[in-house]
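Peer 1: got a predicted structure plus its sequence, pasted below:
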Amino acid sequence: QESVPFKILFADFKKSLKLNNQILDLIADANDKLSGDFIFDEQYIVTTCHRLADMVREFIVIINHLSQQKYTDLFTSFHRIEEDIETILQGKILYPVAEFILPYEAVTRDLIDAVGGKNAHIAEIGSLLDLQIPAGFAITTAAFSAFWEENKLDETLAVFNADLQEEETSLEDASRKIRQKILDAPLPEKLEQSIL
């Protein structure tokens, strides 16, 4: 295998150090903005995410060049993370899992956003501490979202909100009607089958 001339390796090494510092500086700047002392808009977030992605992508290329392609798995991880970030930037909700139902054996602390704190902790007590817990499963946030979207509950809320703004209904009356709409809404067929 042909060796890369030292001059090129050294140039890449210097570039990797420079990129690393630029990435850290950009992250530090974003953390400063999040402190609450600065005003920033959505464009700042989008631009910062894209700049970071470009620099990290270039950083991975250089690391693999320096190591003779030893860390190509970084590209797979990077693309997965980049897709997740793009999903969030487009205003879409990123669900940790796509499944509607997860048995407790499959639930870990890492899935707390998908199943909620109580489910995650119960499952963890059973798996990590090997304690007896009831056989069970968790209904995920993806299931809730499917229920909400299939029943067009956003539209329902928008109507009640408009009535509230125009003072055509009271808060108590609107709340009661919203609760009833949710209770009357049918489960999506796929969710019902998963639960059964």
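Peer 2: Now that the structure is in, tell me what you want to look at.
Peer 1: any idea how far the residue most central in space within the chain is from D113?
Peer 2: Nearest to the geometric centre of the chain sits L94, at 4.3 Å (Cα atoms, centre = their mean). Distance of L94 to D113, given as Cβ to Cβ, to the nearest Å: 9 Å. Bear in mind the C-beta positions are built from the backbone N, C-alpha and C, glycine included.
Peer 1: pretty sure L131 contacts I122?
Peer 2: No - the criterion here is Cβ atoms under 8 Å, and L131 misses it with I122 at 9.9 Å.
Peer 1: more neighbours, those two?
Peer 2: Taking neighbours as other Cβ atoms under 10 Å, L131 and I122 compare with I122 leading, 19 against 10.
Peer 1: quick one: that one is in a helix?
Peer 2: Yes - counting by DSSP: H, G, I helix; E, B strand; the rest coil, I122 is part of a helix.
Peer 1: could you find the closest non-adjacent residue to it?
Peer 2: In this structure, I122 finds its nearest non-sequential neighbour in I133, 5.7 Å apart by Cβ to Cβ, 6 or more residues apart in numbering.
Peer 1: just the pLDDT at the one you found, thanks.
Peer 2: With respect to pLDDT, I133 scores 81.
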